[in-house]
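What follows is a predicted protein model with its sequence.
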Amino acid sequence: MTDSRRWLWLVALLGGGWLLYLLTPILPPFLVAMLLAYLGDPLVDRLERRGLSRTWGVTLVFVLFALTVLLLLLILLPMLGRQLVRLYELIPHMLEWLQVTGLPWVQMQLGVDGDFWRFERIRTALSSNPERTGDLLGLLASQVTHSSLALLGFVGNLLLVPVVGFYLMRDWDVLMLRLRNLLPRRQEGLVLRLAGECHEVLGAFMRGQLLVMLALGAVYASGLMLIGLELGLLIGLLAGLASIVPYMGFIVGIGAALIAVVFQFGGDALYPLVGVVVVFSIGQMLEGMLLTPLLVGDRIGLHPVAVIFAVLAGAQLFGFVGILLALPVAAVIMVLLRHVHDLYKLSDLYGENGNGSGEPPKQA
């Protein structure tokens, strides 16, 4: 490739990246639709192998998905709404406990001035109008519907996701074949190998880890609700979502659950505290011995620190679109860096030619 063609490709890549940046506000529904198509394609392929047409297979997958989402919304949304209201009511009491009991103990241990902590204003603001706690959902709805144009845009994007997802899932194999036919013939094998590794990592993470998160959220929420914790559903689902990073769901969940038990039952309530520890211990054993080996395996290769950094960096750079793209981009970068590392170990710059001595191989 000549220098002029290299510069042309570089300008084209920069121009394409800048165009994507300008189109960021309209990308979320298309990215969500692509995610749905990617996750649902293996299931549609299985239905095709059983004799069902591609269109009917996609239709069946979408119907099952819609029924699942509708069932979850009908069951979980009212319960979550009540628990969010209850959490809002408990915040002033938590702040009062911090000010009266927790912070004085910290001040005694650290020698901090008594006027260092001041929560009166926050507690007063939260507890001044307790009768308004039931209007939280109404307040949220009023903020969402403040602009009719924004509401129409949100509804339009929401309706656009299943439409775009349906067509992408139906034509997924055709699109992949066309992309493969566009590859340079000399580099087709290398690109397909890299794409296969990226697909293996993404498939293991997006399908396996999401299922692990859902399973852990169900286990934690069910267990906490069985021991009588008022915020059990909210804390359990939060712990399940935090399980996207190994051990973070356990740490966040058990910490929040123990605090909630102390405020609900008191510090002397032994059985609820033991129950919380048992619930999260069972969840950890299920994750380590059953869920992760069965659903994920050892194919991810994404370090927990890399997951955290990718999500935060994507959110900082591109907002919600960045969050959607963070993990796929991180997986692709990880695969590319692995091959760059292998090439570097074979290069003269590294100075090692496979014998571990740093000396050039002997001539025959």
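That came through, no problem. Numbers count the residues shown, from 1 in each chain.

make it CA atoms for all contacts and neighbour counts henceforth
Fine.

Check the secondary structure at the nearest residue to Leu291 once chain neighbours are set aside for me.
Once its chain neighbours are removed from consideration, Leu291 has its nearest residue in Val212; the separation is 6.0 Å (CA to CA, 6 or more residues apart in numbering). For Val212, the reduced secondary structure class is helix; criterion used: DSSP: H, G, I helix; E, B strand; the rest coil.

can I assume Val212 is in contact with Pro293?
No: Val212 sits out of contact with Pro293 when judged by CA atoms under 8 Å, with a separation of 10.2 Å.

Quick check: the gap between the nearest residue to Leu295 once chain neighbours are set aside and Asp171.
Computed as CA to CA, 6+ apart, the closest residue to Leu295 that is not its neighbour in sequence is Gly208, at 4.7 Å. Separation of Gly208 from Asp171 (CA to CA, to the nearest Å): 24 Å.

hang on, the earlier thing: looking at Val212 and Pro293, which is more packed in?
When Val212 is set against Pro293 and neighbours are counted by other CA atoms under 10 Å, the residue ahead is Val212, at 24 against 13.

How about the contacts made by the more buried one?
Residues in contact with Val212 (CA atoms under 8 Å, 6 or more residues apart in numbering) are 243, 287, 291-292, 295.

May I have stretch 45-64 exported as CSV, CA atoms only?
Output in CSV follows, covering the C-alpha atoms of stretch 45-64 (Å, rounded to 0.1, in the frame of the first residue of the first chain):
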residue,chain,number,x,y,z
ASP,A,45,-30.5,-20.7,14.4
ARG,A,46,-31.6,-23.5,16.6
LEU,A,47,-35.2,-23.0,15.6
GLU,A,48,-34.1,-23.0,12.0
ARG,A,49,-32.4,-26.4,12.4
ARG,A,50,-35.6,-27.8,13.8
GLY,A,51,-37.4,-26.9,10.5
LEU,A,52,-38.9,-23.5,11.4
SER,A,53,-38.4,-20.7,8.9
ARG,A,54,-36.2,-17.7,9.7
THR,A,55,-39.0,-15.2,9.9
TRP,A,56,-41.2,-17.4,12.1
GLY,A,57,-38.2,-18.2,14.3
VAL,A,58,-37.5,-14.5,14.8
THR,A,59,-41.2,-13.9,15.5
LEU,A,60,-41.3,-16.6,18.1
VAL,A,61,-38.2,-15.2,19.8
PHE,A,62,-39.6,-11.7,19.9
VAL,A,63,-42.9,-12.9,21.3
LEU,A,64,-41.2,-14.8,24.1
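
Next, the buried residues of it.
By neighbour count, with 16 or more other CA atoms under 10 Å as the criterion, the buried positions of stretch 45-64 are 45, 47-48, 54-55, 57-59, 61-62.

Narrow those residues to those in helices?
When helices are assigned by DSSP state H, the members of these inside them are 45, 47-48, 54-55, 57-59, 61-62.

export those to CSV and tack on distance to Val69 and pLDDT?
CSV is the format used below for these (distance: CA to CA, whole Å; pLDDT from 0 to 100):
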residue, distance to Val69, pLDDT
Asp45, 22, 89
Leu47, 21, 90
Glu48, 24, 89
Arg54, 23, 89
Thr55, 21, 89
Gly57, 18, 89
Val58, 16, 90
Thr59, 15, 91
Val61, 12, 89
Phe62, 10, 88
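
Now for those residues: which two are most distant?
For those, the maximum inter-member distance is 14.9 Å, found between Glu48 and Phe62 (CA to CA).

Low-confidence ranges, the chain, go.
Residues of the chain that meet the criterion pLDDT under 70 lie in 1-3, 102-103, 105-107, 109-154, 267, 296-302, 320-321, 324, 352-364.

middle-most residue in it, spatially?
The geometric centre of the chain, computed from its C-alpha atoms, lies nearest to Ile244 (CA atoms, centre = their mean), at 5.9 Å.

Dump stretch 213-228 to PDB, keeping only the CA atoms.
Backbone C-alpha positions of stretch 213-228 (Å, rounded to 0.1, in the frame of the first residue of the first chain) are rendered in PDB as follows:
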ATOM      1  CA  MET A 213     -26.500 -11.600  36.800                       C
ATOM      2  CA  LEU A 214     -30.100 -12.400  36.400                       C
ATOM      3  CA  ALA A 215     -29.800 -15.700  38.300                       C
ATOM      4  CA  LEU A 216     -27.900 -14.100  41.200                       C
ATOM      5  CA  GLY A 217     -30.400 -11.200  41.300                       C
ATOM      6  CA  ALA A 218     -33.300 -13.700  41.600                       C
ATOM      7  CA  VAL A 219     -31.500 -15.700  44.300                       C
ATOM      8  CA  TYR A 220     -30.500 -12.700  46.400                       C
ATOM      9  CA  ALA A 221     -33.900 -11.000  46.100                       C
ATOM     10  CA  SER A 222     -35.800 -14.200  46.900                       C
ATOM     11  CA  GLY A 223     -33.600 -15.000  49.900                       C
ATOM     12  CA  LEU A 224     -33.700 -11.500  51.400                       C
ATOM     13  CA  MET A 225     -37.500 -11.300  51.000                       C
ATOM     14  CA  LEU A 226     -37.900 -14.600  52.700                       C
ATOM     15  CA  ILE A 227     -36.100 -13.400  55.800                       C
ATOM     16  CA  GLY A 228     -38.500 -10.400  55.900                       C
END
